[in-house]
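In: sequence? don't have it. structure:
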């Protein structure tokens, strides 16, 4: 990616309720993190728009949140994303 393309990329932003659903936590947990300035956000039309990268980094710093994310949020499908069929999985580099 060139520098010009990288500069024009828009950050992914989520509402409080969408972020809570994706990470398997309550809206109140997200709002507490926002109040403590642990997650970056912008306010658009009196609504929080949460920066996804910041939300993900916050979930990785907090073990309790990471466990909920992995159990009830996005993480519950990670094992299903792994390809077990050797025909389609990436091959290790040949020596």
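Out: Yes, it's here. All values derive from a computational prediction rather than experimental measurement.
In: all contacts plus neighbour counts: C-alpha atoms, from now on.
Out: Will do.
In: what does the closest residue to residue 21 other than its chain neighbours show for phi and psi?
Out: In space, and not counting its chain neighbours, residue 21 is closest to residue 73: 6.8 Å by Cα to Cα, 6 or more residues apart in numbering. With angles defined as degrees, to the nearest 10, residue 73 sits at phi -110, psi -140.
In: what's near enough to touch residue 73?
Out: Applying Cα atoms under 8 Å, 6 or more residues apart in numbering to residue 73 gives the contacts 21, 22, 23, 24, 25.
In: now with 7 Å?
Out: Counting by Cα atoms under 7 Å, 6 or more residues apart in numbering, residue 73 touches 21, 22, 23, 24.
In: how near is the most centrally placed residue in the chain to residue 23?
Out: With distances taken as Cα atoms, centre = their mean, residue 56 lies nearest the centre of the chain, 3.9 Å away. With distances defined as Cα to Cα, to the nearest Å, the gap from residue 56 to residue 23 amounts to 9 Å.
In: please apply the same query to residue 61.
Out: Counting by Cα to Cα, the gap from residue 61 to residue 23 is 14 Å.
In: out of those two, which sits in the more crowded spot?
Out: Higher neighbour count among residue 61 and residue 23: residue 23, with 24 against 10, using other Cα atoms under 10 Å.
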